[in-house]
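Asks: Predicted structure and sequence below. I'll ask about it afterward.
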Protein chains: 2
Amino acid sequence: MSAQTKAVSTKEGITARTQDYAQWYLDVIKRADLAEHSGVRGCMVIKPHGYAIWETMQKELDRRFKETGHVNAYFPLFIPLSYLSKEEKHAAGFAKECAVVTHHRLKSQDGKVIVDPDSELEEPLVVRPTSETIIWAQYKSWIESYRDLPLLINQWANVVRWEMRPRLFLRTAEFLWQEGHTAHATEKEALEETYKMLEVYADFAENVMSIPVIRGHKTPGERFAGAVDTLCIEAMMQDGKALQMGTSHYLGQNFSKSADVKFLNKEGKLEYVYATSWGVSTRLIGALIMTHSDDLGLVLPPRLAPIQVVIIPIYKNDEEREKTLAESRAVLSELKAQGILARLDDRDGLMPGAKYYEWEAKGVPLRIEIGPKDIEKGSLCLVRRFVLEEPNEKPEDLRRRRKSFLPRSESLGAVKPILETMQKELLERARALQKSRTKIINTLEELEAFLKTGGGFALLHWAGNAEDEDAMSKRFETTIRCIPFPEELPSDGRGEGKCIWTGRPSSQRVIIAAAY
Amino acid sequence: MSAQTKAVSTKEGITARTQDYAQWYLDVIKRADLAEHSGVRGCMVIKPHGYAIWETMQKELDRRFKETGHVNAYFPLFIPLSYLSKEEKHAAGFAKECAVVTHHRLKSQDGKVIVDPDSELEEPLVVRPTSETIIWAQYKSWIESYRDLPLLINQWANVVRWEMRPRLFLRTAEFLWQEGHTAHATEKEALEETYKMLEVYADFAENVMSIPVIRGHKTPGERFAGAVDTLCIEAMMQDGKALQMGTSHYLGQNFSKSADVKFLNKEGKLEYVYATSWGVSTRLIGALIMTHSDDLGLVLPPRLAPIQVVIIPIYKNDEEREKTLAESRAVLSELKAQGILARLDDRDGLMPGAKYYEWEAKGVPLRIEIGPKDIEKGSLCLVRRFVLEEPNEKPEDLRRRRKSFLPRSESLGAVKPILETMQKELLERARALQKSRTKIINTLEELEAFLKTGGGFALLHWAGNAEDEDAMSKRFETTIRCIPFPEELPSDGRGEGKCIWTGRPSSQRVIIAAAY
């Protein structure tokens, strides 16, 4: 047995969500063996199971990027300070969280290794917090005429934003992400790209992660530093708080102007290029955990599961061991032939119960138990990690319902449909929660009452400015998550109204919520 | 047309290899649009076509790592100075090339953005030049007993080694790589892993990159800083110089001791863990270019080609355009159905010749030309990027031989065999070159003459120490590339002899060569 599959001691339990949600989150990460803090302030280690989930996310996203005409490339980790300073708002937005390289050599002094003071750089280098400035500096030599456009490039990379209050996956000093950076000949085309990529993210969130999202615009105060418009998808976690899952920015000509990137348009005139950028990060794993997981540990939508089915042979002696292992191997290869990500847990010296416990905590969608009696009866025992709860259902009934005994001949054909149903029902459950905790709010009193009783997404009319937004955020410990696209609002939430804070006329409701 | 497929101006030629090899290398990179320097000293930008080749390499390597039981994970970019200092030789080995983060904030002063002096870190952070120290600090809490071993982990990451004389792909301050870091209960098992991963690299080099390699040990002076033994694969470039393609290190207990990682062995005793690490990087793309490419540009072995076949319709008017495009699309979908990476170049406003020129420079293995006459005759014109040259062949004959006109019905079935033959013949050609420029050398005079006439791999007896190695390297502007495994030597190169430098008895020949 290797540590990749190291059994988590059954002594380490998981705090109940109802008891301490923040601790529950950390316990799930620990029990599912997803990540841990490192000795470097704010930097996490993504452990193999967590990284395998990220790899699945990457594969699904990368395919979608390529299908929409994008290609990958790689730009430098370091940004000269002068580049970052070019776009004023951008520099101001990131100034407080920049890791800065100032020296390029170490030396030994009195038996200690120190930074060599003689190796100071002429110009400090900022470890990229995002790559607009370094990429646009490069685009300058790539773009001459409209024939060179659009330029549709994505980068998979690590970025650093210094973080004083780190939280695994949700806020870490270094994180992994992808950042798309596109260049276009017209505003119309750049705007289309901005919306298209938001749609790609929303599709991924809903159809791969089983997380329903609200599409919308950020308010000017919450916009990406240097953007003309920031679109986002927001999801509701199980505790009713919001989590921003991805953003897509229309950058107008801000970065092409600061990097001086012009192109010859079809009319033969020089014009600044129009830009977009868009990204999602390992933060998505935080959203995943907080949307679906339960007090047993992680719950993974089958399309994101690095292991979709785990097979566990049950035996008491060598003879049974041989028999159940043979049948397990047969089942394994039949599942693999169907393209299902299956794994056989044939570790000796671990009781089946300990294995169930471990794979449940790791979120494996389906477990197949194979004992001597199952073989005799010609059946298999399938245990689903997740089934939709029925109203007022007792825990023992739910537990029973997770289990099916099926004739061997039917059981393997049943696996794919079971996984597909689980994928859909996870989305359904999350959607039901979001719906139940989203409320149209028309007065500050109503808002206060809503937040006191647990909160969620409050839909309220808003026409305030940035100062109003600040004041409101402080008073209620919430933020304006987004101005939803009209189609995202319930029909009774559309239309004109009065701003809840300023009393001014308002044509649109916003979502207010506490957020991660 | 987007800049991803931007036509390289036919005015930009490629310097002939015979005229200026170093310039030829840069010209190929430029014409194939693989990479370029950035505004950040020593850091390159990997452009889409170059990155697509890296993605193919990653996919092939990652599959091999997983098949041999490894999993991926991710560790922090930053290494606290105190971690790096723990293993003395390791710290000394990397001290001169470390980028160091010393501050974590910027601020505005007199309208300028500067590093905020109040944000100095208590402990400087080194941007990882390699990750042994940070990973072993983490392994300390992952490993308790032999049950937790082996730990077989790989990381795909960027690393930084400050570089004063950067060269695209070959030596850059930041580069992309993978680094395996494994932990074992016994020396035997760790050594087996070290050799196994070298074999994985050699298999990848020969069967995917079509580059023959020599497996061997580094001399103590060329060993990885902190390793007990460094194994390597060395390849010969077209100019006879050597290039190290990958290394696999047996680290003994050096890092487990400096990080204090002990495990309870089967006998119930505490023991330090045995370690290995191994890596290859984007440098491989430099090796790829210098092994196969020619004066027309890049040559790609089909298994590494992001585009294996490009289809080019030839037309003079709208009617012909419609007809040849329809046939091109049909051919495209038939090739795709075979799992071949095919692409249709349907850009208007570019002459077919310009397209040929561009895709040849980018190394696409096979071009299919489709004109109205081909359709009439029911045939297709297949043009191979590479065929083995025959002795004393005239360029025009070679050019003619690259082209085949095949009946439509046979042609598409012929594509896969053509690609497979090309894959093999590239390896064959490189192997022939390596053989022809490898020579058994017994005296310094012979060595001098060998190097004067172009050089290559000189096989000579060696029993010198580190000082001898330095002196010899300086005199001949070469290095000892490796002590080849005995089976890598020609039969007349095995056995006892006398050190060419010291005259001492020697039991083994080494390879001496000029190197990248």
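Replies: Great, that's in hand.
Asks: Would you mind listing the buried residues in stretch A:165-182?
Replies: Buried residues in stretch A:165-182, counted by 16 or more other C-beta atoms under 10 Å in any protein chain shown: A:166-182. The C-beta positions use only the backbone N, C-alpha and C, and glycine is treated the same way.
Asks: These: which ones sit near chain B?
Replies: Restricting these to those touching chain B (C-beta under 8 Å from any C-beta of the partner chain) yields A:Glu174, A:Leu176.
Asks: so of the buried residues of stretch A:165-182, which ones are in strands?
Replies: Counted as lying in strands by DSSP state E, out of the buried residues of stretch A:165-182, are A:Glu174, A:Phe175, A:Leu176, A:Trp177, A:Gln178, A:Glu179, A:Gly180, A:His181, A:Thr182.
Asks: In TSV, list those residues along with pLDDT and distance to B:Asp318.
Replies: Putting these into TSV (pLDDT from 0 to 100; distance: C-beta to C-beta, whole Å) gives the following:
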residue	pLDDT	distance to B:Asp318
A:Glu174	98	55
A:Phe175	98	52
A:Leu176	98	49
A:Trp177	98	46
A:Gln178	98	41
A:Glu179	98	42
A:Gly180	98	36
A:His181	98	37
A:Thr182	98	32
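Asks: Go through these and say which is closest to chain B.
Replies: A:Glu174 (5.2 Å; C-beta to the nearest C-beta).
Asks: How is chain A divided into domains?
Replies: A:21-100+A:131-292, A:302-434, A:438-513 (automatic domain parsing).
Asks: Figure out which of those is closest to B:Leu243.
Replies: Ranking those by proximity to B:Leu243 (C-beta to C-beta) places domain A:21-100+A:131-292 first, at 21.3 Å.
Asks: any idea how far that closest one is from the chain center?
Replies: The chain centre lies 11 Å from the centre of domain A:21-100+A:131-292; the measure is C-alpha atoms, centre = their mean, to the nearest Å.
Asks: ends of that domain, how far apart?
Replies: One end of domain A:21-100+A:131-292 sits 13 Å from the other (C-alpha to C-alpha, to the nearest Å).
Asks: same thing with stretch A:121-132?
Replies: One end of stretch A:121-132 to the other measures 23 Å (C-alpha to C-alpha).
Asks: Which secondary structure element is home to the spatially most central residue of chain A?
Replies: With distances taken as C-alpha atoms, centre = their mean, A:Leu284 lies nearest the centre of chain A, 1.0 Å away. According to DSSP states H and E, A:Leu284 maps onto helix A:283-292.
Asks: After that helix, which helix or strand is next?
Replies: Heading C-terminal from helix A:283-292 (DSSP H and E), you reach strand A:309-313.
Asks: list the helices and strands the next helix-or-strand element following that following strand packs on?
Replies: Scanning forward in sequence from strand A:309-313 by DSSP H and E, the next helix or strand is helix A:318-337. Applying 3 or more C-beta pairs under 8 Å, 6 or more residues apart in numbering or on different chains; DSSP states H and E, one finds that helix A:318-337 contacts strand A:309-313, strand A:342-344, strand A:366-370, helix A:372-377, helix A:408-436.
Asks: tell me the angle the first one makes with helix A:408-436.
Replies: So the one you mean is strand A:309-313. If you take axes from the mean of the first three to the mean of the last three C-alpha atoms, to 10 degrees, strand A:309-313 sits at 130 degrees to helix A:408-436.
Asks: mind listing what strand A:309-313 pairs with, with the direction of each?
Replies: strand A:342-344 (parallel), strand A:366-370 (parallel) (DSSP bridges).
Asks: Out of these, which gets nearest to A:Lys435?
Replies: Judged by C-beta to C-beta, the one of the strands paired with strand A:309-313 that comes nearest to A:Lys435 is strand A:366-370, at 27.8 Å.
Asks: any idea of the angle that closest one forms with helix A:318-337?
Replies: Going by the same axes, to 10 degrees, strand A:366-370 makes 150 degrees with helix A:318-337.
Asks: related to what we said a few turns ago, export the helices and strands packed on helix A:318-337 to a markdown table and append columns for mean pLDDT and mean neighbour count.
Replies: As requested, the helices and strands packed on helix A:318-337 are exported to a markdown table (pLDDT from 0 to 100; neighbours: other C-beta atoms under 10 Å in any protein chain shown):
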| stretch | mean pLDDT | mean neighbour count |
| --- | --- | --- |
| strand A:309-313 | 98 | 25 |
| strand A:342-344 | 98 | 20 |
| strand A:366-370 | 98 | 24 |
| helix A:372-377 | 95 | 15 |
| helix A:408-436 | 96 | 17 |
